[in-house]
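S.K.: next comes the sequence, and after it the predicted model I'd like to discuss.
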Amino acid sequence: MQNDILRRQFLAHVGQTSPAPQLISVERAEGVFFYTPEGKRYYDLISGVSVSNVGHSNPAVVEAVCRQAREYMHIMVYGEMVERPQVEYATLIAGLLPEPLSSIYFLNSGAEAVEGALKLAKRYTARTEIISMRRAYHGSTHGAMSIMGFPEGEEWKNAFRPLLPDCRAIEFNSFDDLKHITSRTACVICEPVQGEAGVRVPQDGYLQALRARCTEVGALLIFDEIQTGMGRSGEMFAMTKYGVTPDIVCLAKAFGGGMPLGAFVSSNEIMNSLQSNPVLGHITTFGGHPVCCAAGLAAANYLIENKVVEDVERKGALFESLLENHPQVVDIRRSGLLLAVELGSSEKLYKIMELFIERGILSDWFLYCDTAFRISPPLVMTDEQIEECAELIVECLNDL
Ligand SMILES: Cc1ncc(COP(=O)(O)O)c(C=O)c1O
């Protein structure tokens with residue numbers, strides 16, 4: 001009854017993003033599961049879209065949030081005060097990233113991190129052209145939406161024009177397309193593993209060639225590690241997996257340990273160009289909120305202390321091995337614990353989503369790929385949970 005009232009209020013008063021929301025009510029969440037008020041358990045294979053890497057309600061994060069909330073929350077806009085959670089988290093991240101990525105600018109979300117990175121690149125290079133990849137997703141604000149790759153992103157962009165000028169897209173993994181990066185280009189932004197394209201991994205040597213071309217023409221290379229960062233790909237950052245260091249990296253999602261936090265990170269030299277001409281060229285009230293930084297710091301420390309990331313590749317391979325031979329599975333694309341299970345048909349995909357809900361699994365498809373379902377669970381998922389969950393998925397595949 002109470003639940004029905006909540007659902008009606010949700011539909012009446014919470015802004016909707018699609019005409020058919022799932023309307024699953026959440027009572028509580030723990031580890032890889034969340035539970036409805038009726039007590040139904042769901043395996044969370046979305047993790048709030050690659051956010052809950054350390055598991056829901058991770059005690060280390062909850063404790064850090066409560067402690068920081070008791071000490072202080074918001075004091076003053078970002079960049080003015082020395083606040084321990086920000087400084088400690090920035091120092092930790094700088095130590096984890098390859099040199100010279102050592103200056104962290106905190107914001108509230110992924111799209112904001114991307115906006116900041118694009119502005120920094122324009123400011124530093126004094127150029128205007130921005131190149132992104134086809135089937136890229138970098139967020140929903142005007143700037144981030146402008147770089148949803150052409151032509152696939154047009155479906156979303158067309159309704160909101162005019163957007164940013166001087167943006168063009170090249171094909172991810174096309175060595176030939178690198179010639180479009182020129183001395184006019186301020187930056188190239190690229191997800192090292194394309195997430196919403198349906199998990200597309202880079203071909204051997206592609207990211208190296210992209211790096212080399214950017215260096216050759218003086219364009220900055222921006223990696224969007226918003227989805228791949230914090231262990232999802234099997235390394236703390238996908239850039240180290242592929243051995244390529246960008247000029248700027250964008251972080252968000254799991255970076256906040258479940259709280260809203262984003263950042264763009266660069267060298268001190270590049271980052272310092274935001275300090276003047278004009279001063280206050282990029283500012284934020286809540287970016288780097290102490291409670292969010294405390295949560296992110298606790299989550300990152302949890303990953304490190306419990307060697308969670310070291311096990312991600314093996315767990316991803318286990319999940320893959322349990323599903324890959326099913327006759328309904330056409331292909332599995334995977335990076336660490338980010339999997340796209342390809343069914344080759346959107347009808348099958350929509351059907352399996354219903355079967356998943358019945359059996360207590362939350363998954364979805366990808367923005368540019370509605371023929372594959374997503375497996376992006378908390379990285380703390382145990383082998384037993386992977387085996388049980390894969391069995392449930394196989395039952396659903398059998399029923400297709
Ligand atoms: C690769 C990538 N970049 C940026 C974003 C945008 O992040 P946010 O939703 O926090 O603005 C997303 C969100 O899905 C993403 O997957």
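M.R.: Arrived safely.
S.K.: going forward, measure contacts and count neighbours with C-alpha atoms only.
M.R.: Will do.
S.K.: mind checking the SS state of the closest residue to A126 other than its chain neighbours?
M.R.: Excluding the flanking residues, the one nearest A126 by CA to CA, 6 or more residues apart in numbering is A186, at 7.2 Å. Following DSSP: H, G, I helix; E, B strand; the rest coil, A186 is assigned to strand.
S.K.: wait, A186 sits on R127?
M.R.: Yes - contact status for A186 versus R127: in contact at 4.8 Å, counting by CA atoms under 8 Å.
S.K.: between the two, tell me which one has more neighbours.
M.R.: Neighbours were tallied for A186 and for R127 using other CA atoms under 10 Å; the higher tally belongs to A186 (27 against 15).
S.K.: do you know how far the more buried one is from the ligand?
M.R.: Counting by CA to the nearest ligand atom, to the nearest Å, the gap from A186 to the ligand is 19 Å.
S.K.: ditto for S267
M.R.: Going from S267 to the ligand by CA to the nearest ligand atom gives 21 Å.
S.K.: got the phi/psi numbers for that residue?
M.R.: When quoted as degrees, to the nearest 10, the phi and psi of S267 stand at phi -80, psi 160.
S.K.: give me the distance between it and E71.
M.R.: Distance of S267 to E71, computed by CA to CA, to the nearest Å: 31 Å.
S.K.: so for these two, which sits in the more crowded spot?
M.R.: Between S267 and E71, counted using other CA under 10 Å, the more crowded position is S267 (16 against 10).
S.K.: so the more buried one sits against T245, correct?
M.R.: No - the criterion here is CA under 8 Å, and S267 misses it with T245 at 11.1 Å.
S.K.: burial count for N277?
M.R.: N277 has 9 neighbours, counted by other CA under 10 Å.
S.K.: state the helix or strand in which it lies.
M.R.: For N277, there is no helix or strand it lies in under DSSP states H and E.
S.K.: can you verify I304 is assigned to a helix?
M.R.: Yes - using three-state DSSP, the assignment for I304 is a helix.
S.K.: look up the pLDDT of it for me, please.
M.R.: Looking at I304, its pLDDT reads 98.
S.K.: that one and I130: what is the separation?
M.R.: 35 Å.
S.K.: go on, N306?
M.R.: 39 Å.
S.K.: when the two are compared, which one has more neighbours?
M.R.: I130 (25 against 10).
S.K.: phi and psi next, for the closest residue to the more buried one other than its chain neighbours.
M.R.: Once flanking residues are discounted, I130 sits nearest to C167: 4.8 Å by CA to CA, 6+ apart. Backbone geometry at C167, expressed as degrees, to the nearest 10, gives phi -110, psi 140.
S.K.: could you tell me how many residues sit around C167?
M.R.: Neighbours around C167, by other CA under 10 Å: 19.
S.K.: pretty sure it is touching I131, no?
M.R.: Yes - under the criterion of CA under 8 Å, C167 makes contact with I131 at 5.8 Å.
S.K.: quick check: neighbours shared by the two?
M.R.: I147 (CA atoms under 8 Å, 6 or more residues apart in numbering).
S.K.: E324 contacts I332, doesn't it?
M.R.: Yes - if you go by CA under 8 Å, E324 and I332 touch, sitting 6.7 Å apart.
S.K.: looking at those two, which one has more neighbours?
M.R.: The neighbour count for E324 versus I332, taken as other CA under 10 Å, is higher for I332 (18 against 15).
S.K.: nearest residue to the more buried one in space, please, no chain neighbours.
M.R.: I332 sits nearest to V341 (CA to CA, 6+ apart), 4.7 Å away.
S.K.: please name every helix or strand in contact with the helix or strand containing that neighbour.
M.R.: V341 is part of strand 338-342, with elements assigned from DSSP H and E. Applying 3 or more CA pairs under 8 Å, 6 or more residues apart in numbering; DSSP states H and E, we find strand 338-342 packed against helix 312-323, strand 331-335, strand 372-375.
S.K.: which strands or helices does the last one pack on?
M.R.: If contacts are counted by 3+ CA pairs under 8 Å, 6+ apart, strand 372-375 sits against strand 338-342, helix 346-359.
S.K.: okay if I get those as JSON lines plus mean pLDDT and mean neighbour count?
M.R.: Shown next, in JSON lines, are the helices and strands packed on strand 372-375 (pLDDT from 0 to 100; neighbours: other CA atoms under 10 Å):
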{"stretch": "strand 338-342", "mean pLDDT": "98", "mean neighbour count": "26"}
{"stretch": "helix 346-359", "mean pLDDT": "97", "mean neighbour count": "16"}
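S.K.: before I go, just wanted to say thanks for your time.
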